[in-house]
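1. Please find the sequence and the predicted model below.
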Amino acid sequence: MRKAVTLFAVCAVMSGIASAQYKKSTPSATPMPVNNQQAQLEAAIAKVRRISEQETNRLVTNGSAVVIDVRSNGQFQLGHIKGAMNIPNSQIIARFREIPAGKTIITYCA
């Protein structure tokens with residue numbers, strides 16, 4: 001009998017803890033805000049200009065652009081655009097100072 005009472009008490013306590021942790025969602029009158037970071041990212045991507053190989057060659061030849069290969073060093077060693085810098089995508093922010101100022105930045109990954 002003592003074990004049954006103890007088991008019942010433990011179950012009641014556990015049930016109380018579980019229900020206290022469960023939060024019911026209440027419908028709000030105002031709609032949930034759109035993820036602002038996602039919207040900013042999509043807006044930034046929409047502004048990225050894609051250029052042709054010919055335009056890339058022209059910009060690099062006249063010195064107004066720098067080409068950055070954002071693949072890993074191993075992939076870069078297998079082959080890359082002549083004169084391209086290798087700054088892996090995961091290191092772009094940390095190595096930003098290596099990129100010449102005042103130039104158009106052309107990145108590629110294939």
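-> Done, it's in. Numbers count the residues shown, from 1 in each chain.
2. Show the backbone phi and psi for Q40.
-> For Q40, the backbone dihedrals (degrees, to the nearest 10) come out as phi -70, psi -40.
3. If I look at it, what pLDDT would I see?
-> pLDDT recorded at Q40 is 86.
4. Over to A44?
-> Looking at A44, the pLDDT reads 84.
5. That one: neighbour count?
-> 9 (other CB atoms under 10 Å). Heads up, the C-betas are built off the backbone N, CA and C, glycines and all.
6. In the chain, where is pLDDT below threshold?
-> Within the chain, the stretches falling below the threshold (pLDDT under 70) are 1-34.
7. Can you name the next helix or strand after whatever helix or strand Q54 lives in?
-> For Q54, the host element (DSSP states H and E) is helix 53-61. Counting by DSSP H and E, the element after helix 53-61 in chain order, helix or strand, is strand 65-69.
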